[in-house]
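Asker: Give me a 3D structure for the following:
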Amino acid sequence: MSYFDAASSAPLHPVARQALQASLDEGWADPARLYREGRRARLLLDAAREAAAEAIGCRPDELVFTTSGTRAVHTGMEGTLAGRHRVGRHLIVSAVEHSSVLHSAETHRTRGGTVSEVPVLRTGAVSPDAYAEALRPDTALACLQSANHEVGTEQPVAAVAEACRAAGVPLLVDAAQSLAWGRVEGGWSLLTGSAHKWGGPAGVGLLVVRKGVRYAPQGPADERESGRAPGFENIPGIVAAAASLRAVRAEAAAESARLRELTDRIRARVPELVPDVEVVGDPVRRLPHLLTFSCLYVDGETLLHELDREGFSVSSGSSCTSSTLTPSHVLKAMGVLSEGNVRVSLPLGTPAEDVDRFLDVLPRTVAAVREKLGAPAGAPAVTVVQDGSLVSLVVDTLGKRCPIPVIELAKVITDVPIGGTVRVLSDDEAARLDIPAWCEMRNQEYVGEEPTEGGTAYVVRRKAP
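Answerer: The predicted model follows:
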C-alpha cells in the first residue's frame, strides 16, 4: 500500500515515536509544581519549546502549544482581533485559506466585523499588489497561508508581510503545510502550525505571537501557556512534536530535492499518459512533495476508490467526493477544473518505485472510470433550436451530478456548426466551475450562465478547432 496523502496527515516520524515513548515515563507530572517530578516535566516542556522556537525562528516566550493547528488558528485570530478592536474590525483573508481561517472569518462577520477576501491567480497565489490594496485604516488583522494545502502553491508571504508592516497591520501566517521544509521568511506577526502535518503526533499545534502585537486572550483566564492555550499541557505529545520537527528539518534539504524530482515526474508524465488532464497549481513556486491534477469526464469519488483498490491512498478536492457536492473552495477560487481531482502528497522516504507504479496504474484506472461513466444508458436529452443559420442545442442534465454535465456537453459540441451554441441545463453546483474550465481546456467559448427553471443554463459557443 502506498500512502500519498501526507498533506492531510504525515505518518508518525520514528523520532516522534521514540520521543513520545520516552517522555511518557518522564513527562506525566504537572510542570507547574516545584517538586522533583514537576521540575522534570517542566524541563521537558521548556526544552521542547526552545527546540520548536529555534526551528521556526522566534523567541521561546513567543510560542505556545495548543491542542491542534485549527485551535491555534482560531486562538490567534480571536486574540488579535480582540486586542486591536479599537483600530477597527476589518479582517483580510485570501480566497484559498484553510477552512479553519475561513470559518473564523465567517464567525467574525456574524459578530459585526467586515471581511475582505483577496482573489488568487489561476496558479493559486495571491498578487501582493492586490493584497496591499485590500488594506484599510480599520484593518485589524490580515491572514495568509505560507503554502496551499490542496495544490501546493507557495504564497508571497514576505512581500505581503512588508505591505502589512507598512500599513501597521499584523499578518497571521498559517504555516501548517510548509514548516517541515523550512522557516517562513518575512516579517510576519503571528504563525500557526500543526504537528501531525510534519510527522509529529496529532493533537499538538503551535501558535507564535511576536512581541509587540496587541493581543487579548479570549475565554476564561488560565495561567498555562501565557493564558493563550488553557488546560494541562500534553507534554509527551509536545516533546514528540518538537523532536520530529527538528528531525524532519535535518532531512529537509535532501528530501526536498528528491521528492521534487518525483513530483516533477508525475507532473510531466500524467498529461502524456492520460488525455484531458489539467495539472493545477504553480509548477515552480510550490511545495516539493505535493501536486494536484484534475481529469475530465471522471467521477472523483469513484476514481479515489479505484486507486485505493490498486493500493494508493490519495486525496481530492473534487465535489464528487463531498457529501455537499460543492467543489473545493480552492479550486473554485483558482477557476480550474474540479472534477476527477487527485491530490498526491508524498511522505518523507517515498520510494521512486511507488511513483513509477502509480504512473503505471493511473492511465488504465482513469480509462476504466471514463468507460463506466462515458456511456450512460440512452442518449442525452437534446433539443434543437434553429435561429437563422445557426443551431443551438439544449442538453438537459438536470438531476445529474459531476461529471455527467461535462460529458454530455462534450458529446454534442461537434453537432453544432462553428458559431452555434450548446445550452447545458444543470442543477449541479460543480458545473458552474467545470464547464468554463472545460471550455478553456478544449478551446471553446464560454458565453455565460442564465437562470432557468430548476437550475442554470450554461451557454457554450463552438469555436473553430
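
Asker: Only C-alpha atoms from now on, for both contacts and neighbour counts.
Answerer: Fine.

Asker: what's the distance between the residue nearest the centre of the chain and Cys143?
Answerer: Closest residue to the average C-alpha location of the chain: His149 at 2.7 Å, with Cα atoms, centre = their mean. Noted for His149: a distance of 15 Å to Cys143, by Cα to Cα, to the nearest Å.

Asker: cool, Asp356 as well?
Answerer: As defined by Cα to Cα, Asp356 lies at a distance of 38 Å from Cys143.

Asker: Ok, Leu44 next?
Answerer: The gap separating Leu44 from Cys143 is 32 Å, by Cα to Cα.

Asker: which one of those two has more residues nearby?
Answerer: Comparing Leu44 with Cys143 by neighbour count (other Cα atoms under 10 Å), the higher total belongs to Cys143, at 27 against 20.

Asker: wait, the more buried one sits on Cys164?
Answerer: No. If you go by Cα atoms under 8 Å, Cys143 and Cys164 don't touch, sitting 10.2 Å apart.

Asker: Quick check: neighbours shared by those two?
Answerer: Common contact partners of Cys143 and Cys164 (Cα atoms under 8 Å, 6 or more residues apart in numbering): Leu171.

Asker: any chance you could map the helices in the stretch 251-400 of the chain?
Answerer: Along the stretch 251-400 of the chain, counting by DSSP state H, counting those that start in this stretch, helices occupy 300-309, 329-334, 352-374.

Asker: JSON lines for those, including distance to Ala430 and mean pLDDT?
Answerer: JSON lines is the format used below for the helices of the stretch 251-400 of the chain (distance: least, Cα to Cα, whole Å; pLDDT from 0 to 100):
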{"stretch": "helix 300-309", "distance to Ala430": "12", "mean pLDDT": "92"}
{"stretch": "helix 329-334", "distance to Ala430": "9", "mean pLDDT": "93"}
{"stretch": "helix 352-374", "distance to Ala430": "17", "mean pLDDT": "92"}
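
Asker: and the ones you listed, which is most packed in?
Answerer: For the helices of the stretch 251-400 of the chain, ranked by mean neighbour count under the definition mean count of other Cα atoms under 10 Å, the leader is helix 329-334 at a mean of 21.

Asker: quick one: least confident helix or strand in the chain?
Answerer: Taking all helices and strands of the chain together, the one with the lowest average confidence (mean pLDDT, DSSP states H and E) is strand 381-387, at a mean of 54.

Asker: Go ahead and name everything in contact with the host helix or strand of Leu45.
Answerer: Leu45 is located in helix 36-56, with elements delineated by DSSP states H and E. Residues outside helix 36-56 that contact it (Cα under 8 Å, 6+ apart) are 23, 26-33, 59-60, 63-64, 179, 182-184, 235, 238-239, 242-243, 245-246, 249.

Asker: try 7 Å
Answerer: Counting contacts by Cα atoms under 7 Å, 6 or more residues apart in numbering, the residues outside helix 36-56 that touch it are 26-33, 59-60, 63, 183, 235, 238-239, 242, 246.

Asker: Mean confidence (pLDDT) on the helix or strand that that helix is followed by, please.
Answerer: Following the chain from helix 36-56 toward its C-terminal end, the next helix or strand by DSSP H and E is strand 63-66. Mean pLDDT, strand 63-66: 97.

Asker: What residues of strand 63-66 count as buried?
Answerer: Within strand 63-66, the residues scored as buried using 16 or more other Cα atoms under 10 Å are 63-66.

Asker: of all the residues you listed, which comes closest to Ile404?
Answerer: Of all these, Thr66 has the smallest distance to Ile404: 44.1 Å, by Cα to Cα.

Asker: mind checking the SS state of Ala457?
Answerer: The three-state label for Ala457, taken from DSSP: H, G, I helix; E, B strand; the rest coil, comes out as strand.

Asker: How about it: what's its closest non-neighbour residue?
Answerer: Leu425 (4.5 Å; Cα to Cα, 6 or more residues apart in numbering).

Asker: Using CSV, write out the CA atom coordinates for the helix or strand where that neighbour lies.
Answerer: When secondary structure is defined using DSSP H and E, the element that contains Leu425 is strand 421-426. Output of strand 421-426 as CSV, limited to C-alpha atoms (Å, rounded to 0.1, in the frame of the first residue of the first chain):
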residue,chain,number,x,y,z
THR,A,421,-24.2,27.2,-29.1
VAL,A,422,-24.9,24.5,-26.6
ARG,A,423,-27.0,25.3,-23.6
VAL,A,424,-26.4,22.8,-20.8
LEU,A,425,-29.2,22.7,-18.2
SER,A,426,-27.8,21.7,-14.8
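
Asker: That strand packs against which elements?
Answerer: Identification of packing neighbours for strand 421-426 by 3 or more Cα pairs under 7 Å, 6 or more residues apart in numbering; DSSP states H and E yields strand 390-396, strand 455-461.

Asker: packing partners for the very next helix or strand once past it?
Answerer: Tracing the chain past strand 421-426, the next element assigned as helix or strand by DSSP H and E is helix 431-441. For helix 431-441, the elements it packs on are strand 445-452, judged by 3+ Cα pairs under 7 Å, 6+ apart.

Asker: what lines up beside the strand it packs on in the sheet?
Answerer: strand 455-461 (antiparallel) (DSSP bridges).

Asker: neighbours of the spatially closest residue to Ala147 that is not a sequence neighbour, just the number please.
Answerer: Counting by Cα to Cα, 6+ apart, Glu154 is the residue found nearest to Ala147 once chain neighbours are left out, at 4.1 Å. By other Cα under 10 Å, the residues close to Glu154 number 23.

Asker: Contact partners for Glu154?
Answerer: When contacts are counted by Cα under 7 Å, 6+ apart, Glu154 is found next to 125, 146-148, 285-287.

Asker: and which of those residues is nearest to Pro217?
Answerer: With Cα to Cα as the yardstick, the closest approach to Pro217 among the contacts of Glu154 comes from Ser146, at 24.2 Å.

Asker: per-residue confidence for the closest one?
Answerer: Looking at Ser146, its pLDDT is 98.

Asker: contacting residues for it?
Answerer: Residues in contact with Ser146, defined by Cα under 7 Å, 6+ apart, are 154-155, 157, 173-175, 178.

Asker: and the nearest residue to Arg267 once chain neighbours are set aside, bridged to which residues?
Answerer: Computed as Cα to Cα, 6+ apart, the closest residue to Arg267 that is not its neighbour in sequence is Val279, at 6.8 Å. For Val279, the residues forming beta bridges with it (DSSP bridges) are Phe293.

Asker: so how far is Gly83 from Val279?
Answerer: 42 Å.

Asker: The two: which has the busier surroundings?
Answerer: Ranked by neighbour count (other Cα under 10 Å), Val279 and Gly83 place Val279 first, with 21 against 17.

Asker: Quick one: residues contacting that one.
Answerer: Val279 makes contacts with 267, 292-294, as judged by Cα under 7 Å, 6+ apart.

Asker: CSV for those residues, including neighbour count and distance to Pro403?
Answerer: As requested, the contacts of Val279 are exported to CSV (neighbours: other Cα atoms under 10 Å; distance: Cα to Cα, whole Å):
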residue, neighbour count, distance to Pro403
Arg267, 18, 23
Thr292, 22, 18
Phe293, 25, 15
Ser294, 24, 11
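
Asker: Starting from the strand holding Leu425, tell me which strands it pairs with and how they run.
Answerer: Sheet pairing here is set by DSSP bridges, and for strand 421-426 it gives strand 390-396 (parallel), strand 455-461 (antiparallel).
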